[in-house]
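Visitor: Everything below, folded, please.
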Amino acid sequence: MKYVKFGNTSVQRKENWDTCASKMKSKNAITGRRVIFYALLISAILLISTALTLDYEKNFYSSSPEKQQAMTGLIVPLYFDPNGSWDELISIHKQYPDVPMVVIINPENGSGNNISESYVYWTQMLKSSGIVVLGYIYTSYGMRSPDAIEQQALNYSAWYKVSGIFLDEVSDNPSEALFYNDLASRIRAIGLGYIVGNPGTYSPNSISSCFNVTVLYENPGLPGPGSFLSIVNGNPRSNSSMISFNVPYLEPSWFGSATKYFSFVYITNLGLPNPYCGLPSYIISEVQMLSLQ
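Guide: As a prediction, the model looks like this:
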C-alpha cells in the first residue's frame, strides 16, 4: 500500500512537475514574445520620434533666414495690431514661398507687461506659414538697462514663441560694443538665436558682428545703387539690411542691384510720423520683384 501510494504520489508529482514545466515554458514563451513586442514598439516610437524631430528641424531651418541667404528677403516692421494686413502678408508669402520673409511684431513698444491673445494667435499664424517672427525691443543707444531688455526678450519667448529679437536704437559708437555683446549673449541664452540690430546707419564691426543681420540704412527715399558700397562699408551681404520709407514707387532695376549687397530689404510708400503703421500699397509688387532676382 505504501509502495503503491508512494508510487502513485511519485507519478502525481512527476505529472505536476511536467505540467508546471509546461506552464513555465508557456509563460517564458509569452514573456519572450512580450519582450520582443515591447522592443519593437520602443524601436517604432524612437523611429517615429526621430522622423518627427528631423521633420521639425527641416521645417525650422527651411524658414530660418540664415538658411535662405541666396535670395534677398523682405524684413517687415509690423508695428500695428493684427488686422487684415497680417492675413494679406501670409497670403503673399504663400504665393512666393521662396522669398524669405521676416516680420517684427511690436505689441506695446516692446512686449509690454501683459500677454495679448490676439498676438499669440496671429504670431502662430505667421510662423505656420513659414514667416520668421521677431520681437521688437528698443535699446536707447546702449543706455537702457540690460535687465529690462532681457525681461522683454523673456516675455516674447514665453508668450509669443518668437524666433528671435529685433533690437532698435542700436548705437554706432564703438564704446558700446561690450554692451551689445553682453546683450546678444543674454538673448541667445534664452534660446532666441536670431538677432537683428538696427543702428539705421553704418555700425562698426565690433557691434554689427553681435547680430545675425544689421540694418545699415533706415531713411526716407531710395538710396541709389552707387551708394550701396558706402552703406555696407565692408559688411558682408549676409549681415547687411536696409529700410527705406516715403518711397512713392518701385524701380525693378533697383532690386537687381540691391540684392547684391543686402540680404534683407524693406521699401514702403508710407512716411513720417509713422511709416510702419501699415503695409506699403505695393507690397505684393515688392515681393514679386524680389522673387525675380
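Visitor: going forward, measure contacts and count neighbours with C-alpha atoms only.
Guide: Noted.
Visitor: Give me the most central residue, this protein.
Guide: S163 (3.0 Å; C-alpha atoms, centre = their mean).
Visitor: roughly how far apart are it and V133?
Guide: S163 sits 6 Å away from V133, going by C-alpha to C-alpha, to the nearest Å.
Visitor: Go ahead and report the secondary structure state at S244.
Guide: Secondary structure for S244, judged by DSSP: H, G, I helix; E, B strand; the rest coil, is strand.
Visitor: Nearest residue to it in space, please, no chain neighbours.
Guide: I267 (4.9 Å; C-alpha to C-alpha, 6 or more residues apart in numbering).
Visitor: and G224, how many neighbours?
Guide: For G224, the count of nearby residues is 10 (other C-alpha atoms under 10 Å).
Visitor: do Y194 as well
Guide: There are 22 residues near Y194, going by other C-alpha under 10 Å.
Visitor: That one pairs with what?
Guide: On the basis of DSSP bridges, Y194 is bridged to G164.
Visitor: Helices of the stretch 101-250 of the chain, start to end?
Guide: Counting by DSSP state H, counting those that start in this stretch, the stretch 101-250 of the chain has helices at residues 117-128, 146-155, 177-190, 205-208, 228-232.
Visitor: quick one on the thing from earlier: backbone torsions only: list them for the residue nearest to S244.
Guide: phi -120, psi 130 (degrees, to the nearest 10).
Visitor: What does the residue nearest to the centre of the chain show for phi and psi?
Guide: Given degrees, to the nearest 10, the pair of backbone angles that S163 has is phi -90, psi -10.
Visitor: That one touches L192, doesn't it?
Guide: Yes - between S163 and L192 there is a contact at 5.9 Å, judged by C-alpha atoms under 8 Å.
Visitor: Next, show the common contact partners of these two.
Guide: S157 (C-alpha atoms under 8 Å, 6 or more residues apart in numbering).
Visitor: List the residues that contact F179.
Guide: Contacts of F179 (C-alpha under 8 Å, 6+ apart): G142.
Visitor: Next, give phi and psi for P236.
Guide: phi -70, psi 150.
Visitor: what's the burial count for it?
Guide: Around P236 there are 12 residues (other C-alpha under 10 Å).
Visitor: So for it, what's the nearest residue that isn't a sequence neighbour?
Guide: Y261 (7.7 Å).
Visitor: Helix, strand, or coil at the one you found?
Guide: Once three-state DSSP is applied, Y261 turns out coil.
Visitor: right, and it touches G234 too?
Guide: No - counting by C-alpha under 8 Å, Y261 stays clear of G234, with 10.1 Å between them.
Visitor: Cool, thanks, talk later.
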